[in-house]
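[1] Predicted model and sequence below, questions to follow.
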Amino acid sequence: MKLTFTAIDFETASGYHPCSVGIVTVENGVIIDEYVTLIRPPRNEYSHFTIAVHGIYPRDTANAKTFAQVYPEIKRRLQNRVVVAHNESFDRNVLAKSMALYGLDYEELNIGSRWECTVRIYKAKGLKPTKLSDCCREMKIALNHHEALSDARACAKLYLMR
């Protein structure tokens with residue numbers, strides 16, 4: 001079975017406000033497109049915790065596009081697709097809450113209220129723990145953890161190997 005889907009990963013500045021997104025498009029089991037961009041969060045505000053996780057600072061996104069400005073690229077890659085994320089509830093909430101903040105309609109994406117989740121898949125296979133870095137180490141997938149495109153690419157590869 002040749003899989004066709006889109007993997008996504010958000011890094012957040014605070015709460016559910018994204019500061020970066022990585023999207024990997026897979027057609028018939030082959031990665032055909034990769035997209036990554038920084039996103040300026042509201043008021044360009046960050047928590048110290050998230051900076052410590054991903055190393056993205058307010059100075060990095062001071063001149064970046066807002067979520068609303070980046071959204072057409074996100075929509076183009078996600079609409080009517082099977083969407084995969086490593087911890088799908090987190091990434092789905094980032095997308096849904098960001099869309100709501102800017103008055104965008106989640107339903108028009110036609111991607112469902114629950115996505116495919118590689119955490120669930122690998123947990124069901126008996127892998128413990130199931131953090132992305134652990135799954136990648138076990139499956140021998142290269143990862144620059146907490147870099148949105150690397151995380152999305154790793155998620156896509158995990159999904160292909162399930």
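    Now that the structure is in, tell me what you want to look at.
[2] how about the strands of the protein, start to end?
    Counting by DSSP state E, one finds strands in the chain at the ranges 5-14, 17-27, 30-38, 83-85, 116-117.
[3] List just the one of the ones you listed that sits closest to Ala62.
    Closest of the strands of the chain to Ala62 is strand 30-38, at 9.7 Å (criterion: CB to CB). For every residue, glycine as well, the C-beta is placed using N, CA and C.
[4] Quick check: neighbours of the closest one in the sheet, parallel or antiparallel?
    strand 17-27 (antiparallel) (DSSP bridges).
[5] So what angle separates the directions of the partner strand and strand 5-14?
    With axes from the mean of the first three to the mean of the last three CA atoms, to 10 degrees as the basis, strand 17-27 and strand 5-14 are set at 170 degrees to each other.
[6] Save the strands of the chain as TSV, and put in mean pLDDT, distance to His146 and mean neighbour count too.
    Shown next, in TSV, are the strands of the chain (pLDDT from 0 to 100; distance: least, CB to CB, whole Å; neighbours: other CB atoms under 10 Å):
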stretch	mean pLDDT	distance to His146	mean neighbour count
strand 5-14	98	6	25
strand 17-27	98	9	24
strand 30-38	98	13	15
strand 83-85	98	14	25
strand 116-117	97	18	21
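[7] Can you lay out the ones you listed as JSON lines showing distance to Thr66?
    As requested, the strands of the chain are exported to JSON lines (distance: least, CB to CB, whole Å):
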{"stretch": "strand 5-14", "distance to Thr66": "12"}
{"stretch": "strand 17-27", "distance to Thr66": "10"}
{"stretch": "strand 30-38", "distance to Thr66": "11"}
{"stretch": "strand 83-85", "distance to Thr66": "22"}
{"stretch": "strand 116-117", "distance to Thr66": "28"}
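[8] so which of those comes closest to Glu138?
    strand 116-117 (16.7 Å).
[9] thinking again about what came up before, of all the strands of the chain, which lies closest to Pro72?
    It is, among the strands of the chain and with distance given as CB to CB, strand 30-38, at 11.6 Å.
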